[in-house]
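Asks: kindly generate the corresponding structure for this input.
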Amino acid sequence: MSLTAGHDGATDMNAVSNATPSDYFALLKPRVMSLVVFTALTGLIIAPGGINPVLGFTALLAIAIGAGASGALNMWYDADIDAVMRRTQKRPIPSGKVTSGEALAFGLVLAAFSVATLGLATNWLAAGLLAFTIFFYAVIYTMWLKRSTPQNIVIGGAAGAFPPMIAYSAVTGTITLDSLILFLIIFVWTPPHFWALALVKQGDYANAGVPMMPNVKGPDHTRLEILVYTIVLAPIGCLPFLLSFGGITYLAVSALGGLTMLWLAAKVFRIREGAMANKQAMRLFGFSILYLFALFATLLGEHLVVRMQVLWS
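Replies: Numbering: from 1, shown residues only. Here you go, the predicted structure:
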């Protein structure tokens, strides 16, 4: 497996850039990192036993840095694809702000630092999970799955599903059914979320030669897959209540959100032509972000309320 970025010789590993701190920050994929931190915070708070606030903050910081390292390594390897796709052409490497070699070194240093920090601050199970997550995203997904199979998002989505499990393990030193459910929610959520966007951006992926589902199996098959995954996702989203680590408020939010996801996915499945088809796909994409945020925010809020009640009792 080649470790040469760009694949066409356009990116010079030995070039020197005039990158600013903001350019390096962009390499971390801050929007993705914010979601990682939020879901990890939820895993940290719902884990039984609690954790020292300083260690908890350190764990979240390490997980965030690990996610950023994954993003930097992804941008390093995908520089050739990013240069072709309109939505990624302004990223630091294709825009010439950061060189390929700098991005690679930056990602590797952050990866090693994040794993070592998490292991020393909490435990090595959590650190091992973080190391595996970085490897999975940077190597298994970016270098292999993304360019070889339309199931890239299905399998690769595991990388984005690990953070709450990592944080949970940082507190408990174990992997439990509760943490696995948090993983499962994000894992099953990822395909309908990302394929909704892929329906709209399929031309970009075709130009870049990335075998996304709409380009390989066709838009209609993708719409069916979106509907099937959403049908599976809706009841899975309610599992925290059934397993007693989500309360009645969580049940209401997850049930209402799941039904709305199903309604939007059904509209994507039915409306297949013209500008309205893209509009429905983007509605599903936008709501899916709100849905995941609402699930984890409700879990986080419920557990914080319980902790405050215990503190004041």
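Asks: what about the longest helix in this structure?
Replies: Of all the segments of type helix in the chain, defined by DSSP state H, the longest one is helix 274-312.
Asks: what packs against that one?
Replies: For helix 274-312, the packing partners by 3 or more Cβ pairs under 8 Å, 6 or more residues apart in numbering; DSSP states H and E come out as helix 30-46, helix 177-200, helix 248-270. Where C-beta positions appear, they are placed from N, C-alpha and C, glycine not excepted.
Asks: burial count for Thr298?
Replies: 21 (other Cβ atoms under 10 Å).
Asks: meant to ask about Ser22, not that
Replies: Ser22, neighbours per other Cβ under 10 Å, totals 9.
Asks: where's it, which helix or strand?
Replies: Using DSSP states H and E, the element containing Ser22 is helix 21-27.
Asks: contact partners for Ile271?
Replies: Residues near Ile271 by Cβ atoms under 8 Å, 6 or more residues apart in numbering: Ala277, Gln280.
Asks: that should have said Gly156, apologies.
Replies: With Cβ under 8 Å, 6+ apart, Gly156 has these contacts: Phe136, Tyr137, Ile140, Tyr141, Leu145, Lys146.
Asks: buried ones in the longest helix of the chain?
Replies: 277, 280-281, 284-285, 287-288, 291-292, 294-303 (16 or more other Cβ atoms under 10 Å).
Asks: pLDDT weak spots in the stretch 201-313 of the chain?
Replies: Within the stretch 201-313 of the chain, the segments meeting pLDDT under 70 span 313.
Asks: now do the domain split for the chain, please.
Replies: 15-175, 189-313 (automatic domain parsing).
Asks: could I get these as JSON lines with distance to Leu182?
Replies: JSON lines is the format used below for the domains of the chain (distance: least, Cβ to Cβ, whole Å):
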{"stretch": "domain 15-175", "distance to Leu182": "4"}
{"stretch": "domain 189-313", "distance to Leu182": "8"}
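Asks: let me know which of those domains is the nearest to Phe183.
Replies: Ranking those by distance to Phe183, with Cβ to Cβ as the measure, places domain 15-175 first at 4.6 Å.
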